[in-house]
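Q: My questions concern the predicted model and sequence given below.
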Amino acid sequence: MEKKWWHSSVVYQIYPRSFKDSNNDGIGDINGIIEKLDYLKELGIDVIWLSPVYKSPNDDNGYDISDYCDIMDEFGTMDDMDRLLDEGNKRGIKIVMDLVVNHTSDEHKWFIEAKKSKNNEYRDYYIWRDGFNDKEPNDLDSIFSGSAWELDKETNQYYLHLFSKKQPDLNWENPKVRTEVYKMMNYWIDKGIGGFRMDVIDLIGKLPDNKITANGPKLHEYIQEMNRESLKDKDLLTVGETWGATPEIGKMYSNQARNELSMIFQFEHIMLDQEGEEKWDLKPLNLLDLKRALSKWQTALGDEGWNSLFWNNHDLPRIVSRWGNDKEYRVKSAKMLATLLHGMKGTPYIYQGEELGMTNVKFNSIKDYNDIESLNMYKERIAKGYKHEEIMESIYAKGRDNARTPIQWDDSEYGGFSNSKPWIDINENYKYINAKNCLEDKNSIFYHYKKLIEIRRNNETIVYGDYNLLCEEDNNIFAYTRKLNDDTILVVCNFYENEAKFNYEYGFEDLEILLSNYSDSSTNLRNLKLRPYEAIMYRVK
Ligand code: TEU
Ligand code: CA
C-alpha cells in the first residue's frame, strides 16, 4: 500500500448553517468559517469536510442543489469561497467539498427543462416511468417516507426520488449526466480543493425497475470512470458515503489498485442500536456488538483498503448523548469515546461541536424541529396511529436536528453563534458547554481531542499499526493494541459508569501513559480497576 497524506490526516466536518454566523442573520456562513479557522488550527486538524454550500432551495439543507457551480446566497459568494480556500491553504487546512450527485434539486435547470416534455433534451437526465394501473410504477419507498415516485401531472409520468420529492434522482445510465458531473468536479478540483465527500454514492448504480437501490451492478464501473475523468493523479481525499457496505465492498472502493476512492464511511456500528430497518425503532447498544463491528472493519481491510473513523456527522445524534453519559460523566465519557476511536486505524473525522462535548437537544414541540426526515416521519407515524410521545422519544434519540443546533462558542445570548435568533434553536446548555470554557480549561474535551491529534501526528503506529482486539467477551471494557514493528500502543477503555476490572495478564510490564482522562491512571496492569469511563492510551516499552 502506497502511503498517502490522508492516511495521517484528521478531518473536521463543518455544517455551515450551524457553525458561525458572521453577518447576524441567524444563519451560519462562509465568512463565519473563515473567522474560526484559527480555532481549528489550534485543534490541529488538517482537513475540513464542508457540507454543501452550493445554491439550494434548502428543502434538505443544501443536499438539494440547484446550481453546483454557485454558492447559496445565505452562505456568501464565490469570492468568499475562494477566500476560504486561500485562508485554509495558508494554515495548511485543505477543504473537502460535499459532492451530492445522486440527485439534484427539482429547481436545478436540468430538472426544470426535463419536466417540460417527454422529448426535452434533458428528460433523460432523470428517471421517469409510466404509472402502473394509475398508480406508482412500483412500491419503492423514499428514505424520507412515502413513495419514491412522484407524478408529474404535465407529462403524466412519475419521476424517481429516493429522498424528498424536491430531490429527483439523476439518471447515471445517461452518459451526458456523467460527463456533466465530471466537468463540474473538475471545476472544483481546479480551484484547489482537497477532495470530495460523496453523498450516498452507493445509490448511483441503481436499477429502480428491479428495486435495487444500493450497490447496483454498474456502481464501480461509474466510480472508476469518475476516477479516470476527474480524480486521477490529483492526490485528493475522496470518501464515499455507503450505508450498505460490507468489508468486501469497502475493499472494492478503497483498494488503491482499483483506482476508485480513498475510503468510505461504513455505518455498521451506527445501526447497532436500532430494531430492524428503521433507525427510529430504538434498542440499547450491546457493547459486544460494537466491538465486533468495529474490529471486523479494523482487521478485514488489511492492505487492500482504508477505513474512516467516525461517531458523528450531521445526520447522527451526538455521541456523548448516544453511547456516553451526557449528565454526570459528560466530560469523562466524551473523552473515553474519543480515545477509543482515535486510537484505531483509519482517518478520523470529528463533527463540529464533538470536540466540545455538545449534546443532543430536546425541543418542546415538533414545531421547533426543522429536519425534513424527522418531520416526514412524524406525519407518517401519526397517520399510522403511533402516539406523539413515542415518536418524540425516537426524535430525541435519533433525529438529525440533534447534530444541527448552532455551535456553542460562548455563554452570551445565542451562544456567540450569532447576535440574532438562529434558524434553529440553540441547545440551552450553551451557558456551560461552550468553546470559550473549553479553551480556558486545560482538562477540557477540546484539549483531549487536540492531544489525540498530536499523538496521531507523532506516531506511525497509530496511523499504520496492526489492530488487535483484547478481551473480546468482556462486557464493560473495550481494549485493543496497535502494533508496528516493535512499537506497541495499548488502549483500554471502560465503556460504562461502573468500575470494571481489566482482566488481561500478558506481561505488558513497562508502560508509559500517552493520554488518559484521569490525572492519576495506573501503569500497573495487574488487577487494574478502571474507574467510570476511564480511558488510557499506553505505550508499551
Ligand atoms: O444521507 C444519506 C442518508 O441515507 C441519510 O438520509 C440517512 O439515511 C439518515 O439521515 C440517517 O440518519 C445523505 C446526507 O448525509 C443527508 O444529510 C442527506 O439528507 C441525504 O444524503 C440526501 O442527500
Ligand atoms: Ca449569516
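A: Thanks, I have it. Everything numeric in this text was worked out from a predicted model, so none of it was measured. Numbers count the residues shown, from 1 in each chain. Ligands and ions are numbered 1, 2, ... in the order given.

Q: Walking through the stretch 301-450 of the chain, point out its strands one by one.
A: 308-309, 347-351 (DSSP state E, counting those that start in this stretch).

Q: Of all these, which one is nearest residue 520?
A: strand 347-351 (27.0 Å; Cβ to Cβ). For every residue, glycine as well, the C-beta is placed using N, CA and C.

Q: Report the mean confidence score over the closest one.
A: Strand 347-351 carries an average pLDDT of 99.

Q: Next, format the strands of the stretch 301-450 of the chain as a markdown table and append distance to residue 383.
A: Shown next, in a markdown table, are the strands of the stretch 301-450 of the chain (distance: least, Cβ to Cβ, whole Å):
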| stretch | distance to residue 383 |
| --- | --- |
| strand 308-309 | 37 |
| strand 347-351 | 33 |
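
Q: Of those strands, which is nearest ligand 2?
A: With Cβ to the ion as the criterion, ligand 2 lies closest to strand 347-351 of the strands of the stretch 301-450 of the chain, at 20.6 Å.

Q: Pull the closest one out as PDB, backbone CA atoms only.
A: Output of strand 347-351 as PDB, limited to C-alpha atoms (Å, rounded to 0.1, in the frame of the first residue of the first chain):
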ATOM      1  CA  THR A 347      -8.700   8.500   9.000                       C
ATOM      2  CA  PRO A 348     -10.700  10.100  11.900                       C
ATOM      3  CA  TYR A 349     -13.500  12.600  11.400                       C
ATOM      4  CA  ILE A 350     -14.600  15.000  14.100                       C
ATOM      5  CA  TYR A 351     -18.000  16.500  13.700                       C
END
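
Q: what's the offset of it from the middle of its chain?
A: Distance, stretch centre to chain centre, for strand 347-351: 8 Å (Cα atoms, centre = their mean, to the nearest Å).

Q: Looking at the strands of the stretch 301-450 of the chain, spot the one closest to residue 402.
A: Set against residue 402 and scored by Cβ to Cβ, the strands of the stretch 301-450 of the chain come closest in strand 347-351, at 11.0 Å.

Q: show me the contacts for the residue in the stretch 351-500 of the chain positioned nearest to ligand 2.
A: The minimum distance from the stretch 351-500 of the chain to ligand 2, using Cβ to the ion, falls at residue 418 (7.0 Å). Shown in contact with residue 418 (Cβ atoms under 8 Å, 6 or more residues apart in numbering): 21, 24-28, 406.

Q: between the residues you listed, which has the most around it?
A: residue 406 (29 neighbours; other Cβ atoms under 10 Å).

Q: who's in contact with the closest residue to that one other than its chain neighbours?
A: Leaving aside its chain neighbours, residue 406 sits nearest to residue 417 (3.8 Å; criterion: Cβ to Cβ, 6 or more residues apart in numbering). Residue 417 sits next to 18, 20-21, 28, 406-409, 426 when contact means Cβ under 8 Å, 6+ apart.

Q: so residue 240 touches residue 265, yeah?
A: Yes: applying Cβ atoms under 8 Å as the test, residue 240 and residue 265 come out as touching, 7.1 Å apart.

Q: Contacts for the strand or helix carrying residue 176, please.
A: According to DSSP states H and E, residue 176 maps onto helix 175-190. Contacts to helix 175-190, defined as Cβ under 8 Å, 6+ apart, come from residues 68-69, 97, 99, 101, 110, 124-125, 170-172, 196, 222, 225-226, 229-231, 234, 236.

Q: ok, and for the helix or strand just after that helix, which residues are buried?
A: Counting by DSSP H and E, the next helix or strand C-terminal to helix 175-190 is strand 195-198. By neighbour count on 16 or more other Cβ atoms under 10 Å, the buried set for strand 195-198 is 195-198.

Q: go on, stretch 315-332?
A: By 16+ other Cβ under 10 Å, the buried positions in stretch 315-332 come out as 315-326, 329-332.

Q: ditto for stretch 183-197
A: Quick answer for stretch 183-197 (16+ other Cβ under 10 Å): 184-185, 188-189, 193-197.

Q: ChimeraX command to pick out the buried ones of the contacts of helix 175-190?
A: Entered in ChimeraX, the line below selects the buried ones among the contacts of helix 175-190, by 16+ other Cβ under 10 Å:
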select :68,97,99,101,110,124,125,170,171,172,196,222,226,230,231,236
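
Q: Among the contacts of helix 175-190, which are located in helices?
A: Those of the contacts of helix 175-190 mapping onto helices are 110, 222, 225-226, per DSSP state H.

Q: Dump these to a markdown table, plus pLDDT.
A: Below are the ones in helices among the contacts of helix 175-190 laid out as a markdown table (pLDDT from 0 to 100):
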| residue | pLDDT |
| --- | --- |
| 110 | 98 |
| 222 | 98 |
| 225 | 98 |
| 226 | 99 |
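
Q: Verify the stated contact: residue 269 with residue 291.
A: No: using Cβ under 8 Å, residue 269 makes no contact with residue 291, being 9.6 Å away.

Q: So if I had to pick from those two, which one is more boxed in?
A: residue 291 (23 against 20).

Q: I'd say the more buried one and residue 475 touch.
A: No: the criterion here is Cβ under 8 Å, and residue 291 misses it with residue 475 at 9.9 Å.

Q: who's in contact with residue 72?
A: Contacts of residue 72 by Cβ under 8 Å, 6+ apart are 53-56, 58, 62.

Q: Go again with 7 Å.
A: Taking Cβ atoms under 7 Å, 6 or more residues apart in numbering as the criterion, residue 72 is in contact with 53-56, 62.

Q: Only the buried subset of the residues you listed, as a PyMOL command please.
A: If you want just the buried ones from the contacts of residue 72 in PyMOL, going by 16+ other Cβ under 10 Å, the selection is:
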select buried, resi 53+54+55+56+62
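
Q: Now render the contacts of residue 72 as CSV, adding pLDDT.
A: Below are the contacts of residue 72 laid out as CSV (pLDDT from 0 to 100):
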residue, pLDDT
53, 99
54, 99
55, 98
56, 98
62, 98
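
Q: a helix runs through residue 288, doesn't it?
A: Yes: the assignment for residue 288 (DSSP: H, G, I helix; E, B strand; the rest coil) places it in a helix.

Q: From residue 478, how far off is it?
A: Per Cβ to Cβ, to the nearest Å, residue 288 is found 10 Å from residue 478.

Q: who has more neighbours, these two?
A: Taking other Cβ under 10 Å, residue 288 and residue 478 do not tie; residue 478 has more neighbours (24 against 13).

Q: check which helix or strand covers the more buried one.
A: Using DSSP H and E, the element containing residue 478 is strand 477-484.

Q: could you dump that strand to CSV, C-alpha only?
A: The C-alpha coordinates for strand 477-484 follow below in CSV (Å, rounded to 0.1, in the frame of the first residue of the first chain):
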residue,chain,number,x,y,z
ILE,A,477,-14.1,-2.9,28.7
PHE,A,478,-13.1,-2.2,25.1
ALA,A,479,-9.4,-2.7,24.8
TYR,A,480,-7.0,-3.2,21.9
THR,A,481,-3.4,-2.9,20.8
ARG,A,482,-1.8,-1.3,17.8
LYS,A,483,1.5,-2.7,16.7
LEU,A,484,4.0,-1.5,14.2
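
Q: State the paired neighbours of that strand in the sheet, together with their directions.
A: The pairing partners recorded for strand 477-484 under DSSP bridges are strand 466-470 (antiparallel), strand 487-494 (antiparallel).

Q: what sits against the spatially most distant residue from the centre of the chain?
A: Within the chain, the residue lying farthest from the chain centre (Cα atoms, centre = their mean) is residue 133, at 40.5 Å. Residues near residue 133 by Cβ under 7 Å, 6+ apart: none.
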